[in-house]
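In: Attaching a predicted model along with its sequence, questions to come.
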Amino acid sequence: MDTSPFALTDEHRQFRDTLRQFAGERIAPHAAETDRRAEFPWDSFQACRELELPSLGIPTAYGGAGADMVTQAIAIEELSRVCASTSLTILISKLGMLPVMNWASEEIKHRYLPRVASGEIQASYCLSEADAGSDVAAMRTRAVREGDDYVLNGSKYWITNAGISDVYTVFAKTDPGAGSRGISCFLVEKEWGLTIAKHEDKLGMRGSPTGEVVLDEVRVPATHRIGEEGAGFTIAMHTLDRSRPTIGAQAVGIAQGAIDCAASYMMQRHAFGGPIADLQGLRFMLADMATRNEAARALVYRACAMVDDDPTGELTRFGAMAKAFASDAAMSITVDAVQLLGGYGYTKDFPVERFLRDAKVTQIYEGTNQVQRVVIARELLKNT
């Protein structure tokens, strides 16, 4: 009997079946148009609200479903299988609220988490800057205490859901001379003066707005500081450890969509007197694609299980491994899927070119895969 902590239960499998049918019926029909128009998928997000998917990652004490992380990964995987942009509508609010769940006051938790769980409001995570992506400590956004408020000035780049979200978890320097120990974390409502300078015209994930968030003399009540002054870097890294495995789940879902499309095409397309699925060279390609994705899925589920139960303190290493391996696999798999479809794969008549474009960013955001390898090596060597 398999007693590994990431083995799927019957409930997980039933949930996957439900999500797969839901995604096929309610999300997939909008996916190509969402990508073409490069607009937030409101119809798909409303469908997710009806199924109460925004509540999965929120604790029951604050109006959420309190689902385990493997269940959350399955949801992201199944959404990504048909529309990765829609999966981000669920992922990003969870990312924005993780600091609140783990570090904020009870007053702040009760004020915002139930509204995120219901889908009434959405959240964004504002860490990166133009010259401070992988090098978080180089950020320049400032937060200066003035009485009962902090005044924030600066800009944040590459912010997912910019302009759509109602609240923004913002990291800023409260002590510029203290390096990473001088960063603090704040929850900022859009109505307090936060503005969006521009939106990016992106290669993939086109239904998920990405933009520059500008803070110009934005006053934030001290009650909305998350954690203590100077704890921002710790909060940011703690948060990314817990969100990176779900980026791996997103990558697995994208890759699975590409595998499914390629397999279906191979059965339908005829050449040399039969379906191209009979050609050994192409069968081997498909077999390798599926094998890589199953390996990625197992690693992702193991890392997700560690978010809920990590007695040996290995989440940082396994989260980085899951994100890096799954996203590298997804990029390779989607390239092969395009190849298997030949000229058709290079057109927008089939979704594999969209899967390829969407897969690329999973190697970049929430820490580039080069950074993941730095993290993995550091974790391996620190106790040697």
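Out: Arrived safely. Keep in mind the model is a prediction, meaning the values are calculated, not measured. Numbering: from 1, shown residues only.

In: can you pull out the helices in the stretch 251-384 of the chain?
Out: Secondary structure of the stretch 251-384 of the chain by DSSP state H, counting those that start in this stretch: the helices cover 280-308, 315-341, 352-361, 369-381.

In: can you give me the strands in the stretch 151-300 of the chain?
Out: 167-173, 183-189, 195-199, 210-221, 225-226, 270-271, 274-275 (DSSP state E, counting those that start in this stretch).

In: Packing partners of the first one?
Out: The one in question is strand 167-173. helix 84-103, strand 123-126, strand 142-146, strand 149-160, strand 183-189, strand 210-221, helix 232-268 (3 or more Cβ pairs under 8 Å, 6 or more residues apart in numbering; DSSP states H and E). Where you see a C-beta, it was placed from the backbone N, CA and C, and this is true even at glycine.

In: what residue of the chain is the furthest out?
Out: Going by Cα atoms, centre = their mean, the residue of the chain most distant from its centre is Gly273, 44.0 Å out.

In: so what pLDDT did that residue get?
Out: The score at Gly273 is 95. That number is its pLDDT.

In: circling back: would CSV of the helices and strands packed on strand 167-173 with distance to Ala377, mean neighbour count and mean pLDDT be doable?
Out: Below are those laid out as CSV (distance: least, Cβ to Cβ, whole Å; neighbours: other Cβ atoms under 10 Å; pLDDT from 0 to 100):
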stretch, distance to Ala377, mean neighbour count, mean pLDDT
helix 84-103, 25, 25, 98
strand 123-126, 25, 27, 98
strand 142-146, 33, 15, 98
strand 149-160, 25, 21, 98
strand 183-189, 24, 24, 98
strand 210-221, 29, 18, 98
helix 232-268, 16, 24, 98
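
In: Next, format those as TSV and append distance to His12.
Out: Output for the helices and strands packed on strand 167-173, formatted as TSV (distance: least, Cβ to Cβ, whole Å):
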stretch	distance to His12
helix 84-103	17
strand 123-126	26
strand 142-146	42
strand 149-160	27
strand 183-189	32
strand 210-221	31
helix 232-268	13
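
In: Tell me which of these lies nearest to Leu203.
Out: strand 210-221 (10.8 Å; Cβ to Cβ).

In: Just the CA coordinates for that closest one, please, in PDB.
Out: Below are the C-alpha coordinates for strand 210-221, written out as PDB (Å, rounded to 0.1, in the frame of the first residue of the first chain):
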ATOM      1  CA  THR A 210       0.600  42.300 -16.000                       C
ATOM      2  CA  GLY A 211       1.500  45.900 -15.300                       C
ATOM      3  CA  GLU A 212       3.500  48.600 -13.500                       C
ATOM      4  CA  VAL A 213       2.000  49.600 -10.100                       C
ATOM      5  CA  VAL A 214       2.900  53.100  -9.000                       C
ATOM      6  CA  LEU A 215       2.800  54.400  -5.500                       C
ATOM      7  CA  ASP A 216       3.000  58.200  -5.300                       C
ATOM      8  CA  GLU A 217       2.600  59.500  -1.700                       C
ATOM      9  CA  VAL A 218       0.200  56.700  -1.000                       C
ATOM     10  CA  ARG A 219      -0.900  56.700   2.700                       C
ATOM     11  CA  VAL A 220      -1.300  53.300   4.300                       C
ATOM     12  CA  PRO A 221      -2.500  53.000   7.900                       C
END
